[in-house]
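S.K.: Sequence first, then the predicted structure:
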Amino acid sequence: MKGPVQKLSAFVSSAAQAYGLRMRRRRHLWRSFRSRHALRVVKDRSGTIHRGDILCFMTVRNEMLRLPHFLDHHRKLGVDHFLIVENDSTDGTRDYLAAQADVSLWTTKASYKLSRFGLDWVTWLQMRHGHGHWCLTLDADELLIYPYWETRNLPALTGWLDDQGLEAMGAMMLDLYPEGPLSEAEIAAGGDPLTVMRWFDAGNYAVQVQDRMGNLWIQGGPRARLFFETEPRRAPTLNKIPLVRWDWRFAYVNSTHSMLPPRMNAVYARDGGEQISGLLLHTKFLPEIISKSAEEKTRQQHFANSALYEGYYDSVMSDPVLHCAASERLSSWRRLEALGLMSRGGWI
Amino acid sequence: MTVGFVMLCHTALDRAAQIARHWAERGCPVVVHVDRRVASKPYGQLVADLADLPNVRFSGRHACEWGTWGIVAASQEAATLMLRDFSDVRHVYLASGSCLPLRPVEELRTYLDERPKTDFIESVTTEDVGWTIGGLDFERFTLRFPFSWRKQKWWFDTYVKLQRMVRFRRKIPAELVPHLGSQWWCLTRQTLSAILEHPERAKIDRYFQKVWIPDESYFQTLVRQVSSTVESRSLTLSKFDFQGKPHIFYDDHLQLLRRSDCFVARKIWPDAVKLYGAFLSDDRSRQAAAEPNPGKIDRLFAKAVERRTKGRPGLYMQSRFPNENFENGRTAGPYSVFCGFADVFENFEIWLSKASGTRVHGHLFAPDRVYFAGGESVYNGALCDSAKVRDYNPKSFLTSLIWNTRGERQCFQFGPADTQKLNWFMSLDGNAQISVISGAWAVPLFHSNQNFSDIRREAARLQKIEQEFLNVLRSPYAKARVRVWSLADFIENPMEPLQTIIDEIGPRQGRRLTEAPRMADLTGFGQFLQNLRNQGMQPVLMGDFPVGDDPATKSTRRGRPYLVK
């Protein structure tokens, strides 16, 4: 049994921790608010956003290869408006996006790394435009799918989440890869990457809970298997919370892996049941990753401690084969659900 | 004679208009009630949309908050209007704006014409319902509920507790026997008018205004007083999830809804274009009119509830990470752990794989790498053989392995030289079958070509680790099926334990073992243990080996397999 002293000290320490997280959230919000000066508006169509619209936020840099399919996929799902920050692109991304009728575009030449990997910019836009909307926050190489996604659009999903009293839905990143070396999986610009990236790792994910914010920490997949074999702790984080009914007080902490306030991280069931979750099909490993890795290795914008990831970049640049004998072929969402990579929760 | 529909609407009014028009154009009068909380503009639009239909009426509007009297008041008023204005109506069907007719109106009309006196209303006494939310069944009728369950949950709960504490009980009007049931009914004119014109209606209404969720009990209770033929089921297909919220039907439920043979379903997702298109079109080739049978699709809904509340055992993922002891099974299926067997027998893995027909791994938790069956470097689910990756999160490693190989039992070797982080996890796992030959780790040491002082140090270390492992297995909380033999006991009679284990792994096989695995040479092992003792170490786990007497080994090292009849 705990004595009164222990009880009191536990209470004090949990209160102190809650206060610390609150201050941290405010600090993020303040940074984001300040970062609005770094953004220059290219095309602001946010006036066309209606109540109840589903919004998609992201930061992009040189993504012409993926953007047409990305926009197409999420438009079909029912995203009404995209709010995008373009960071220093050189491949025509900006002009392409500015010409899209459902895109509001901002641009910046500021440092990606120093703006918490673009999060400050996006958080500002969410603060300004996201309040009360269901908001998707994605990268250009992520395609959201969820149970029944082919027959039920996002409004059906968010309507159901609202009915259930849920404020967010989690989705794990599923790294997709081609059968042969990365360089062979060519697609036409704007083509569907899923035509060449047909494989994934089905069951090598390490799951744990991080106590401080109560968020999951999932690592695994081909990158952990091949590039971080000797340092599994550094393997990329795969858990994400991309779909949130936004409130201007919310803030993502580390990409969309975790967010504040901490209750928003509870997108998983702790009582043995299953909550609903989707998947982010990760199309990172198109052939351009090889040249991009060389660039990122010198640019050092992607990791807090970039020097530690040089080995990773070197491995990717060597044009590896990620496919192995135990790889699983991408098929219907029902298969992905049966494999336990996502779940329908109570949705039927 | 026809059937009239009372529709209670509050959202997706365009869909409600479509349904009302569908029924009205096919000769069924419709009375529409729109929630008072709906703004006047969409309401005006709905009225305008239906203005051309002579047999559609709008009734006085009430605010219909869930669980409150408003819904009953709305039904009463609309039903009164229906009975007054449409004298050819014999059955009144209560529906909502998100209902969808699954079968043509003519079929419903014929069905009801064949049962002119029958009231279709689910009406069950409180003892017999299993679906009440919040644990309140009979107390719905005996307590007061001034607070909203959805918006003022704390006050609601506290006030209920307070009333229980002071033993407050409302008096149920003497003639009423409380019944509950789905709020979607279909009643005859006789029954409905008897309820609406009840001599004590004012008193009864006053009582029900304070009952919780009266729309599930008002008509359900009164119908028992006035009706001669109650068919206690609803003609409307309506399913509820574990929170008591109605399931919504989408386009992909088309076949499911067809199969149910029900007349009407709710709730339908307003954007389910395919559903509305399919069920409202006139050119439907129907099969022979079957009896409505929602039971056909019940299993699916029961499974959905189970998925949400119990989950899939042994799965740890983005939306399922149970707290310890809430797992409903720590792993996805049974598996077997063998400690010491590979030390005692020279070809144990091959032998076991043959004898049991399972996948047999080497030491999965060996310090240098993961020894998967067949020496593979990547296993099912793309688990890799790196010891570092495994040790980073051993629990995920084991649960993933068992999850990835569902339906195929996994066996693996384990020992004190392996990483010991999962001892408690396995010991508390009901799926684990752990068989230990204690002290068997001494056999490879005995055969090794090391300096005796190193052997002695290693023996002391392994013995300590295995002792701790055994303590964990012997914990009163252990759920694994644990069997422990000392090395001496085991080699005395190895076939019986092996037979027991194999039988447990594959009970369907039911055959006797004919071939034993080949036992390692133990000649001189007793002397080896004595040497350890002489050096000051006390080997205890392997049992009693007299010096110079090696009984078991004699029978197995003759090149002939050990046979058991």
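M.R.: Right, received. Where do you want to start? Numbers count the residues shown, from 1 in each chain, chains lettered A, B, ... in the order given.

S.K.: Quick one: residues contacting the residue in the stretch 1-150 of chain A positioned nearest to chain B.
M.R.: Closest to chain B within the stretch 1-150 of chain A is A:Y148: 6.2 Å, counting by CB to the nearest CB. Using the backbone N, CA and C atoms, a C-beta is placed for each residue, glycine as well. Taking CB atoms under 8 Å, 6 or more residues apart in numbering or on different chains as the criterion, A:Y148 is in contact with A:A156, A:W333, A:R344, A:W347, B:Y250, B:D252.

S.K.: mind checking how far the fifth one is from chain A?
M.R.: What it means is B:Y250. B:Y250 is 5 Å from chain A, where distance means CB to the nearest CB, to the nearest Å.

S.K.: returning to that earlier point: quick one: the residue of the stretch 1-150 of chain A closest to chain B from A:I276, how far?
M.R.: Distance, A:Y148 to A:I276, using CB to CB, to the nearest Å: 10 Å.

S.K.: Also B:V482?
M.R.: Note on B:V482: its distance to A:I276, by CB to CB, is 38 Å.

S.K.: Comparing the two, which shows the higher neighbour count?
M.R.: When B:V482 and A:I276 are compared for neighbours, A:I276 comes out ahead with 25 against 19, by other CB atoms under 10 Å in any protein chain shown.

S.K.: Leaving out chain neighbours, which residue sits closest to the closest residue to chain B within chain A?
M.R.: Using CB to the nearest CB, A:G203 is the residue of chain A that sits closest to chain B, at 2.5 Å. Spatially, and ignoring its direct neighbours in sequence, A:G203 is nearest to B:G381 (2.5 Å; CB to CB, 6 or more residues apart in numbering or on different chains).

S.K.: where does the one you found fall, helix, sheet strand or coil?
M.R.: Put simply, B:G381 is helix when judged by DSSP: H, G, I helix; E, B strand; the rest coil.

S.K.: Give me the nearest residue to B:V6, chain neighbours excluded.
M.R.: With sequence-adjacent residues excluded and distances taken as CB to CB, 6+ apart, B:V6 is closest to B:A78, at 4.5 Å.

S.K.: Just the element for the one you found, please.
M.R.: Using DSSP states H and E, B:A78 sits in helix B:70-85.

S.K.: what mean pLDDT does the helix or strand just after that helix have?
M.R.: Following helix B:70-85 in sequence order, the next helix or strand is strand B:89-96 (DSSP H and E). Strand B:89-96 comes out with an average pLDDT of 94.

S.K.: Now for whatever residue of the stretch 451-565 of chain B ends up closest to chain A: which residues touch it?
M.R.: Residue nearest to chain A within the stretch 451-565 of chain B (CB to the nearest CB): B:K479, separated by 15.5 Å. Residues near B:K479 by CB under 8 Å, 6+ apart: B:S427, B:L428, B:D429, B:G430, B:A432.

S.K.: cutoff 7 Å now
M.R.: B:L428, B:D429, B:G430 (CB atoms under 7 Å, 6 or more residues apart in numbering or on different chains).

S.K.: tell me the secondary structure for it?
M.R.: Of the three states, B:K479 takes coil according to three-state DSSP.

S.K.: Ramachandran angles for it?
M.R.: Taking degrees, to the nearest 10, you get phi -110, psi -10 for the backbone angles of B:K479.

S.K.: Roughly how far does it sit from B:W424?
M.R.: B:K479 is 11 Å from B:W424, where distance means CB to CB.

S.K.: cool, and B:F338?
M.R.: Applying CB to CB, the value for B:F338 to B:W424 is 19 Å.

S.K.: more neighbours, those two?
M.R.: B:F338 (26 against 15).

S.K.: In the chain, where's the longest helix?
M.R.: Defaulting to chain A. Ranked by residue count under DSSP state H, the longest helix found in chain A is helix A:4-34.

S.K.: Switch to chain B, please.
M.R.: Chain B, longest helix under DSSP H: helix B:452-473.

S.K.: Need the residues that contact that one.
M.R.: The contact list for helix B:452-473, computed with CB under 7 Å, 6+ apart, reads B:416-417, B:420, B:423-424, B:427, B:434, B:436, B:438, B:441-442, B:445, B:448, B:482, B:484, B:531-532, B:535, B:537, B:539, B:541.

S.K.: Ok, stretch B:439-449 next?
M.R.: B:340, B:343-344, B:415-417, B:455, B:458-459, B:462, B:466, B:486-487, B:520, B:525, B:528, B:539, B:541-543.

S.K.: so how far is it from its chain's centroid?
M.R.: Stretch B:439-449 has its C-alpha centroid displaced from the chain centroid by 48 Å (CA atoms, centre = their mean, to the nearest Å).

S.K.: Compute the first-to-last residue distance for that stretch.
M.R.: Stretch B:439-449 has an end-to-end distance of 19 Å (criterion: CA to CA, to the nearest Å).

S.K.: Pull out the buried residues from that stretch.
M.R.: Within stretch B:439-449, the residues that count as buried by 16 or more other CB atoms under 10 Å in any protein chain shown are B:G439, B:A440, B:W441, B:A442, B:V443, B:P444, B:L445, B:F446.
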